[in-house]
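Q: test case, fold it:
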Amino acid sequence: MNSLIRKNIVVHAFVASVLALGLTACSQDAPADDVAVAKMPLSEMQATSYLPLNPDKPGTPVTIQNYLVPGKFTLVQFFSPYDGVSPGLEPQLIQLTQARNDIAVRTVNVNRPEEQQGIDWQSPVLEGSGIQKLPYFQIYDQSRNLRAQARPAYEQVSQWVQSLQPAREPY
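A: Coordinates of the predicted model:
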C-alpha cells in the first residue's frame, strides 16, 4: 500500500507539472507570428510579391525577418488605415510589385481592431520601435540586410512609385 501511495504521488506531481507548464504557456502573449500568413509554406510566401503580414490580427507584431525574400528587395510598410497616405498607396505598391519582379512588399497594420478611430500609437507593433510617423518604410536588399528606413526609405519608395507613372508630354 505504501508503494501505491508513492506511485499516486509521483503521478499527481507529474500531472501537476504538465498542467503548470501548459498554464504558463497559455498565460504568455501569443507568439509574434501567430497569424495566418505564418502558416504559409515558405515557397508560397516567397513567391507572393505583395503580402499583408497581419490582416487577420491587425496590431499584432510579426517577425519581419521571417518574411524577407532572398534575391529581391523587400519593402516593409508599417501603416495605419488612418495615416492619410497608406490607403491610397496600396494599389500603387501592388502595381510596383507587378512592374518590378525584383521587389516584394510586406505590410504590417499597426492598428488593433478594437482601438479608437485613428492611429493606434499604443499598438504592440509600435511598442519600442521608435516609429513616430506613418507610413513607415524599411527596405531590405537581396541578401535580407536592412538598407534604408524612415525618411530615406520613404524617398526611395516614392521614386519607385513615380517611375510607374507614364511620362507627361510637354504642352
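
Q: what's around Ile119, how many residues?
A: Residue neighbour count, defined by other Cβ atoms under 10 Å, stands at 19 for Ile119. In this view, the C-beta of every residue, glycine as well, is placed from N, C-alpha and C.

Q: now Tyr154. Nearest residue, chain neighbours left out?
A: Computed as Cβ to Cβ, 6 or more residues apart in numbering, the closest residue to Tyr154 that is not its neighbour in sequence is Phe137, at 5.3 Å.

Q: tell me if that neighbour really is in a helix.
A: No. With DSSP: H, G, I helix; E, B strand; the rest coil as the criterion, Phe137 is located in strand rather than a helix.

Q: which residues does it contact?
A: Shown in contact with Phe137 (Cβ atoms under 8 Å, 6 or more residues apart in numbering): 75-78, 148-150, 153-154, 156-157.

Q: before we move on, what about Asn54?
A: 35, 37, 60, 62, 108-109, 125.

Q: got it, and Ala36?
A: When contacts are counted by Cβ under 8 Å, 6+ apart, Ala36 touches 55-56.

Q: using TSV, lay out the contacts of Phe137 together with distance to Tyr50.
A: Converted to TSV, the contacts of Phe137 look like this (distance: Cβ to Cβ, whole Å):
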residue	distance to Tyr50
Leu75	10
Val76	12
Gln77	10
Phe78	15
Ala148	19
Gln149	20
Ala150	22
Ala153	17
Tyr154	18
Gln156	17
Val157	13
